[in-house]
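>>> one predicted model, sequence on top.
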Amino acid sequence: MINADEIASILQQQISEYQSTVHEDQVGTVIEVGSSIARIYGMGAVQQSELVEFPNGLQGIALNLEEDNVGVIILGPDTEIKEGMQVRRTGRIVSVPVGESLLGRVVDPLGNPIDGKGPIQTRKYRTIENTAPTVIERQPVKQPLQTGIRAIDALIPIGKGQRELIIGDRQTGKTAAAIDTIVNQKGKNVFCIYVAIGQKSSTVAALAQNLAKQGALEYTTIVAISPSDAPALKYIAPYAGCAMGEELMYQGKDVLIVYDDLTKHAIAYREVSLLLRRPPGREAYPGDIFFLHSRLLERAAKLSDAMGGGSLTALPIIETQAGDVSAYIPTNLISITDGQIYLTTGLFFQGIRPAVDVGISVSRVGGSAQIKAMRSVAGQLKLDLAQYRELAAFAKLSSDLDKTTQATLTRGEKITEILKQPQYQPQAVEDQVALIFAAGKGYLTKIATPRLQEWSGRFIVFLHEKYPQVPKSIQESTQLTDENAKTLGEAIDAFNKTF
Amino acid sequence: MTSGTIARRYATAIFILARNAGILERIERDLRGIADAIAAKAEVRRFFVSPIVNRAEKAALLERSFGGRVDRIALNALLLLVRKRREALLTPIVAEYEKLVLAASNQEPLDVISARPLGAGELQRMVERLCTVYGKQFEVSASVDTTLLGGARLAMGDRYIDGSVSGRLDDLARELFAKQ
C-alpha cells in the first residue's frame, strides 16, 4: 500500500538534493553568411572538419580555419542563418545512421529518410570520415563480383574490394551498367549502396522504382541529393554512403557502392572551395581535389580474415566531355582506381550496348577476379577482339579478303554481337560461360549475326532444359571441366541443328 | 586581409617590445591616452586620418605633441602608423593591445548576464568559483536580461556557459527537432 507521506518525503529529499548541471559550450558569432557559406568569428579551438551547430538546428562543417574567422559550409539552406547568430562547437565529426535498417530506404546525406517510409530505426552512427584499412588489414582481391554483364565479366572482371571506374560521355550507359550490377546481386548476399550526387529527384525516384520492380531495392540503400540542395550536402554524400557501406564491411559482409557521379561531386567541392576563397588550381579546382577522391576510394577494400573478411567494392562513375579521358578529374580517378570501364558514344550509336570499348578498358585485378571457368573461355576473347579491331577497316572489302582474315572478321563480329546485352537482364556467370564458349570456339559461324541475340536467349533455355548438369557443375565447381566442355559442345551442335 | 588581422599584428609587435622592456601597463596607458586624445576632437581626428596631409608634417606635429609625454615605444608605433598610412587602425590596435595585456596577466573578460540583478555577494561567489575552476582572473561585467527567465549566462571569450531557463528550453527544442 503506497503511503502518501512516504512519497512526499521522497520528493522532499529529491528536491533538496537536486543539483542542476550546466555544460560549457565553445561558441562563435556569424559575421557573414551567403551562398551556403558562413564566416564565424570566435570559436578559436574548433578543429578541421568539425561539426558546428546553428541555433535553429542546422549544422555546418568547419573547413577553413583562418587567422580571424572560421569558414563553415552549411548543411542545409542558408536562408535561415542570420548575421549575429551564435554557433557552437559539437566536438565531433558529421555522423550518419548505419546498419541494416537502411536497406530498402532512400535517405539524404545526413541519413534522414526521404522516401516517406518513416524514421530509420537504428542506434548506430558512424562518422563520415574514417581512415582507410591499412595494408595489414587487407587481403588481395580474389573473389569475383559478378556484374551479370557479359562484356564486363568476361573481359574486364571486377573483384570484391576492387575500385573499378565507369567512365564515358553523357548518355552512354554508365548508370545502366551500375544498376545492372546491383540487380545481379540478388540472392548473392551482397549489399548495395547507390549514391546519387546532384541527380534530378525524378531520376532517383524512377531508379528506386526500377530497383524495386527488379526486386533489388530490398538489399540496396539509396543516398540521394538533388541539384538544388546545398553544395555542402553534395560534398559529403559519397562519404556518407561510404560510411554506411563500411559499417557492413566491418561486420564481415560484402558491399557494393556506386558513386554516380564523382564529376558532380568534384564540381560541388570546387564550388564550396571557391566560395571559401581557397586558391583555385587547374580548371579552378582546389589543390586537394585529388585527396577528395583518393581518401574516399581508398576506403574500398577486401579485409583480411582476421578483420572479418568483409569487402567494399566501389564503382565510381565519371562523365567525360567529348570523350576526353585526359581531362583533369578523369585522369585523377583513373590513377586512383584499379581499372576502368570505358563507354563510348560511337559504340552506343552503332548499337553496341553496353558500349564498352574493350580495347582501352582494363581491370588491374584481371583473372584473379574471375572463376576458373570464365578465365578459361574468356582468355582467347580479348585477343580475338583485338585482331578484329585491327582488321575492322577492311570489313567493307570483305569479298576481296583472304580466308584467314575473313574468319577473323567473322569471329570478331559474332563475339561483338554476343557481348551485346539488353538492360535489366544481367546473366548468371554459368550462362555467360556457355555463350562465350560458343562464340570463342567458332560454334556461331553459321548463325546469322542479326539472329544471335535470339539464338543466345533460346540456347540458354535449351541448355537448362536438356543439359542442366553443365550450368549446375559450373556453378558449383566454378570450373569448366573437359568433360563438361565436350558436353557443352554437343549441346551447342544439337541446338544449332534445330535453330 | 581584414583590418582586425592587421591591427592584431601591430598590437602584437608593440606588445612584444613592451614586454621585453617590462613596461606593459605603461604602454597600455600611453596608447589609450593617445587614442583618446585624438578621438576627443573631431578636427584632430580628421587631421590624423587624412591621407592628403603630408606625412612628414603629420609626424613632426605628433612628435611635438606627444614627445616626452609618452614612452618612446608608443610614440614610435604612432609614427609608424603615419608612415604606413594605417592611422585608421589606431583604435583597433589599442583594443587588441589591451586584450593581449589582459591575457598576459592571466585575465579574461567575463560577461555575466542574469535574469535578475545579482547581489554583490552572489556575483563575487560565482566569480571566485570560476577563478578556481579555470585558474584565471576575470575582468567582470554584469548585466541583466529578463528574457532569460531565470538563471544566468556566462561568456568568457569563446567559452559560453548557459545556466538560464531559456537556454534549457532552447536545448530541449534542439533535441526534439534533432529526433524528428
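The structure has been received and is ready for your questions.
>>> hey, let's count contacts and neighbours off CA atoms from now on
Noted.
>>> what's the local residue count around residue B:22?
By other CA atoms under 10 Å in any protein chain shown, the residues close to residue B:22 number 11.
>>> from chain A, how far out is it?
Going from residue B:22 to chain A by CA to the nearest CA, to the nearest Å gives 28 Å.
>>> roughly how far apart are that residue and residue B:73?
Residue B:22 sits 12 Å away from residue B:73, going by CA to CA, to the nearest Å.
>>> what residues are up against residue A:33?
In this structure, residue A:33 makes contact with A:39, A:78, A:81, A:82, A:83, judged by CA atoms under 8 Å, 6 or more residues apart in numbering or on different chains.
>>> OK, contacts around the third one?
Just to be clear, that refers to residue A:81. Per CA under 8 Å, 6+ apart, neighbours of residue A:81: A:33, A:54.
>>> try the fourth one
Neighbouring residues of residue A:82 by CA under 8 Å, 6+ apart: A:30, A:33.
>>> if we go to 10 Å?
A:29, A:30, A:31, A:32, A:33, A:34, A:38, A:54 (CA atoms under 10 Å, 6 or more residues apart in numbering or on different chains).
>>> right, and the last one touches residue A:73 too?
No. Taking contact to mean CA atoms under 10 Å, the distance of 11.6 Å between residue A:54 and residue A:73 leaves them out of contact.
>>> mind listing residues that contact stretch A:271-278?
Counting by CA under 10 Å, 6+ apart, A:34-39, A:63-64, A:70-74, A:230-232, A:235, A:265, A:267-270, A:279-280, A:284-289 sit against stretch A:271-278.
>>> name the nearest residue to residue B:25, sequence neighbours excluded.
residue B:101 (7.6 Å; CA to CA, 6 or more residues apart in numbering or on different chains).
>>> before we move on, what about residue A:119?
Sequence neighbours aside, residue A:113 is the residue nearest to residue A:119 in space, at 6.4 Å (criterion: CA to CA, 6+ apart).
>>> pLDDT value on the one you found, please?
Note on residue A:113: pLDDT of 96.
>>> pop out the phi and psi values for it.
When read as degrees, to the nearest 10, the backbone of residue A:113 gives phi -70, psi 140.
>>> quick one, domains of the chain?
Answering for chain A, as no chain was given. A:27-92, A:96-370, A:374-498 (automatic domain parsing).
>>> let me rephrase: I mean chain B.
Split by automatic domain parsing, chain B gives B:3-103, B:106-179.
>>> lowest mean pLDDT across the ones you listed, which one is that?
Among those, domain B:106-179 carries the lowest mean pLDDT, a mean of 87.
>>> does that one reach chain A?
Yes. Counting by CA under 10 Å from any CA of the partner chain, contacts between domain B:106-179 and chain A involve B:154-164, B:168, B:170-171, B:173-179.
>>> gap between the residue in the stretch 251-400 of chain A positioned nearest to chain B and residue A:126?
Relative to chain B, the nearest point of the stretch 251-400 of chain A is residue A:277 (11.9 Å; CA to the nearest CA). When distance is defined by CA to CA, residue A:277 is 30 Å away from residue A:126.
>>> neighbour count for these two, which is higher?
Neighbour comparison, residue A:277 and residue A:126: the larger count goes to residue A:126, with 18 against 12 (by other CA under 10 Å).
>>> so what's the spatially closest residue to residue A:348 that is not a sequence neighbour scoring on pLDDT?
Once flanking residues are discounted, residue A:348 sits nearest to residue A:355: 4.9 Å by CA to CA, 6+ apart. Here, the pLDDT recorded for residue A:355 equals 96.
>>> got the residues of the stretch 101-250 of chain A near chain B?
So far as CA under 10 Å from any CA goes, the stretch 101-250 of chain A lies against chain B at A:112, A:119.
>>> for residue 176, which residues are in contact?
Using chain A. Contacts of residue A:176 (CA under 10 Å, 6+ apart): A:182, A:207, A:354, A:422, A:423, A:424.
>>> wait, I meant chain B there
By CA under 10 Å, 6+ apart, the residues touching residue B:176 are A:57, B:170.
>>> show me what the helix or strand containing residue B:65 is packed up against.
For residue B:65, the host element (DSSP states H and E) is helix B:55-66. On a contact count with 3 or more CA pairs under 10 Å, 6 or more residues apart in numbering or on different chains; DSSP states H and E, helix B:55-66 meets helix B:24-40, helix B:42-49, helix B:72-83.
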